[in-house]
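>>> quick one, fold the following:
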Amino acid sequence: MRLASRNGRAFVLRDESSGWDLESASGGRFPADPMAMYGRVAEIRQWLAAHAGAGAAAETVRPQELDAPVPKPGTIVAIGLNYAEHAAEAGFEAPTELPPVFAKFPSSITGAYGEIALPPGGTTDWEVEAVAVVGAPLHDVAPEDVFDHLAGLTIGQDISERTRQLSGPAPQFGLAKSYPGFSPIGPWVVTLDEFDDPDDLRLGCSVDGETVQDGTTAKLLFSIPRSLSELSKVITLQPGDLVFTGTPDGVGMGLNPPRYLASGQVLETWIDGIGRMRHVFR
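So this is what the prediction gives:
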């Protein structure tokens with residue numbers, strides 16, 4: 001099942017090109033607010049099986065028409081240095097305890113397609129990530145139970161302005177990664193039952209057609225269940241909250257010489273089993 005937002009309204013897809021406005025198709029059983037979907041995934045799945053089985057006509061939709069599927073998360077948590085190769089290219093040893101954790105701000109959320117404005121500095125970088133979407137309150141949850149608390153997974157980019165991130169007396173991770181549009185997600189949230197193995201997803205991105213990152217979540221130092229379990233020992237995550245789970249190697253800062261995004265360049269991002277995103281920088 002794929003959960004999305006179209007024109008600010010909850011939308012459920014039966015495949016990548018058709019689906020239903022959730023409030024209208026359910027006769028008001030579910031609200032139009034996309035954020036309300038993530039705590040009711042099991043109920044929506046049951047409704048969808050009956051609705052689609054009854055032969056209800058679906059609306060056609062293109063991924064480019066969709067908004068960010070989780071438009072207003074209460075909390076966005078991001079995990080850094082969660083791949084050994086990325087830690088090495090960033091000049092750090094691979095962490096053995098929980099990798100560094102920081103917050104991104106919800107105003108940086110945008111959808112899977114569109115334009116993103118480049119801030120001053122000329123050092124804006126890419127970071128493809130699998131993003132976990134919380135479906136049930138998550139606090140002090142064991143790793144083996146984490147997937148039962150997730151609504152699904154989506155594609156994300158933890159876009160980063162490196163000058164601001166690394167200048168000053170201490171790093172400014174949160175601010176440097178929270179400019180408008182710096183947290184694109186989408187095009188939909190895929191529920192976990194759709195994956196053969198949600199712990200082994202191929203992910204990558206390209207700049208102007210050149211692949212710059214190509215990895216798999218199987219190489220995460222702290223897997224998605226382990227990462228969220230560790231987070232839940234301290235914080236409580238609520239339905240619709242997001243966790244960016246880390247990026248593999250191949251970021252622009254780690255290249256020799258470093259490379260950063262320029263106006264007019266196209267960043268395409270993908271995760272097998274979920275889909276693709278495409279953004280143009282201006």
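>>> so the nearest residue to G181 once chain neighbours are set aside bridges to which residues?
Leaving aside its chain neighbours, G181 sits nearest to I116 (3.8 Å; criterion: CB to CB, 6 or more residues apart in numbering). For every residue, glycine as well, the C-beta is placed using N, CA and C. The partner list for I116 in beta bridges (DSSP bridges) reads F281.
>>> how about the contacts made by Q238?
When the contact criterion is CB atoms under 8 Å, 6 or more residues apart in numbering, the partners of Q238 are G74, T75, V134, P137, L138.
>>> switch to 6 Å and redo it
Q238 is in contact with G74, P137, counting by CB atoms under 6 Å, 6 or more residues apart in numbering.
>>> pLDDT score for it?
pLDDT for Q238: 98.
>>> the residue nearest to G181 contacts F281, doesn't it?
Yes: contact between I116 and F281 holds when scored by CB atoms under 6 Å: they sit 5.5 Å apart.
>>> tell me how many other residues surround the residue nearest to G181.
Taking other CB atoms under 10 Å as the criterion, the count of residues near I116 is 21.
>>> so how far is G122 from it?
Look at I116 and G122: by CB to CB, to the nearest Å, they are 15 Å apart.
>>> make sure A132 is indeed in a strand.
Yes: secondary structure of A132, determined by DSSP: H, G, I helix; E, B strand; the rest coil: located in a strand.
>>> is the nearest residue to it once chain neighbours are set aside in a bridge, and if so with what?
Leaving aside its chain neighbours, A132 sits nearest to V243 (4.4 Å; criterion: CB to CB, 6+ apart). Beta-bridge pairing for V243 (DSSP bridges): V77, A132.
>>> V243 contacts T75, correct?
No: counting by CB under 6 Å, no contact exists between V243 and T75, whose distance comes to 8.8 Å.
>>> so between those two, which is more surrounded?
V243 (27 against 16).
>>> in what helix or strand does L153 lie?
Secondary-structure assignment from DSSP states H and E places L153 in strand 150-157.
>>> now for that strand, which elements pack on it?
Strand 150-157 sits against strand 128-134, strand 183-190, strand 266-271, with contacts defined as 3 or more CB pairs under 6 Å, 6 or more residues apart in numbering; DSSP states H and E.
>>> can you put the ones you listed in TSV and add mean neighbour count, distance to L166 and mean pLDDT?
Written out in TSV, the entries for the helices and strands packed on strand 150-157 read as follows (neighbours: other CB atoms under 10 Å; distance: least, CB to CB, whole Å; pLDDT from 0 to 100):
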stretch	mean neighbour count	distance to L166	mean pLDDT
strand 128-134	27	19	98
strand 183-190	27	19	98
strand 266-271	20	21	98
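>>> out of those strands, flag the one nearest N7.
If you check each of the helices and strands packed on strand 150-157 against N7 by CB to CB, strand 183-190 wins as the nearest, at 14.0 Å.
>>> CA atoms of the closest one as CSV?
What follows is strand 183-190 as a C-alpha-only set of coordinates in CSV (Å, rounded to 0.1, in the frame of the first residue of the first chain):
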residue,chain,number,x,y,z
SER,A,183,14.1,17.7,3.3
PRO,A,184,12.4,16.4,0.2
ILE,A,185,10.5,13.2,0.7
GLY,A,186,8.2,11.0,-1.3
PRO,A,187,6.6,10.4,-3.7
TRP,A,188,4.7,8.2,-1.3
VAL,A,189,5.1,6.2,1.9
VAL,A,190,5.3,2.4,1.2
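>>> map the structural domains onto the sequence of the chain.
Residue ranges for the domains of the chain, per automatic domain parsing: 2-65, 76-281.
>>> tell me which of those is the most buried.
Highest mean neighbour count of the domains of the chain: domain 76-281, a mean of 19 (counted as mean count of other CB atoms under 10 Å).
>>> just the endpoints, please. Distance across stretch 267-282?
12 Å (CA to CA, to the nearest Å).
>>> show residues contacting it.
When contacts are taken as CB under 6 Å, 6+ apart, the neighbours of stretch 267-282 outside the stretch itself are 112-113, 115-118, 126, 128, 155, 157, 184, 187, 190, 195, 201-203, 205-207, 261, 263, 265-266.
>>> am I right that R259 falls within a helix?
No: counting by three-state DSSP, R259 is not part of a helix but coil.
>>> OK, contacts around the nearest residue to it once chain neighbours are set aside?
Once flanking residues are discounted, R259 sits nearest to G252: 4.4 Å by CB to CB, 6+ apart. G252 makes contact with D125, P258, R259, Y260, according to CB under 6 Å, 6+ apart.
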